[in-house]
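Chemist: mind folding the following:
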Amino acid sequence: QVQLVESGGGLVQAGGSLRLSCAASGGTFSSYAVGWFRQAPGKERECVAAISRSGANTYYADSVKGRFTISRDNAKNTVYLEMNSLKPEDTAVYYCGATATARWVVHTDLSKYDYWGQGTQVTVSS
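Modeler: Residues are numbered from 1 along each chain as shown. Model (predicted):
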């Protein structure tokens, strides 16, 4: 069993930056690929970034490409999402998920994820 805890959300003006953290406990963190998802009111949860177990492979949604960076530190059991040039449309609850998978794989389908954090609110004001 893996427990995930997100942190780093908050209120920021458009153009600003935030760094989200996803801290894991209770498992061998390097055995899990991790994804960052977000869900805005009235919308489905969508994958914005994902990273493979080793960190060698990453995925970004088109809407965040060039602005967000996902990274992981397996020694600290933590995955990060650096968010720059934030826009009001980035406002959502951000969740991290973990899935046990092959070493080089990234998953964007939320049904592939076995474990979820509680979420952290990101609000971008215009």
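
Chemist: list the residues that contact Val48.
Modeler: Contacts for Val48 were tallied using C-beta atoms under 8 Å, 6 or more residues apart in numbering; they are 36-38, 60-61, 63-64, 68, 81, 94. In this view, the C-beta of every residue, glycine as well, is placed from N, C-alpha and C.

Chemist: okay, which residue is most central for the chain?
Modeler: In the chain, the residue lying closest to the centroid (C-alpha atoms, centre = their mean) is Trp36, at 2.1 Å.

Chemist: got the contact list for that one?
Modeler: Trp36 neighbours (C-beta under 8 Å, 6+ apart): 20, 22, 47-50, 68, 70, 79, 81, 94-96.

Chemist: distance-wise, check it relative to Val48.
Modeler: 5 Å (C-beta to C-beta, to the nearest Å).

Chemist: repeat that for Thr99.
Modeler: 16 Å.

Chemist: could you look up the SS state of Ser111?
Modeler: helix (DSSP: H, G, I helix; E, B strand; the rest coil).
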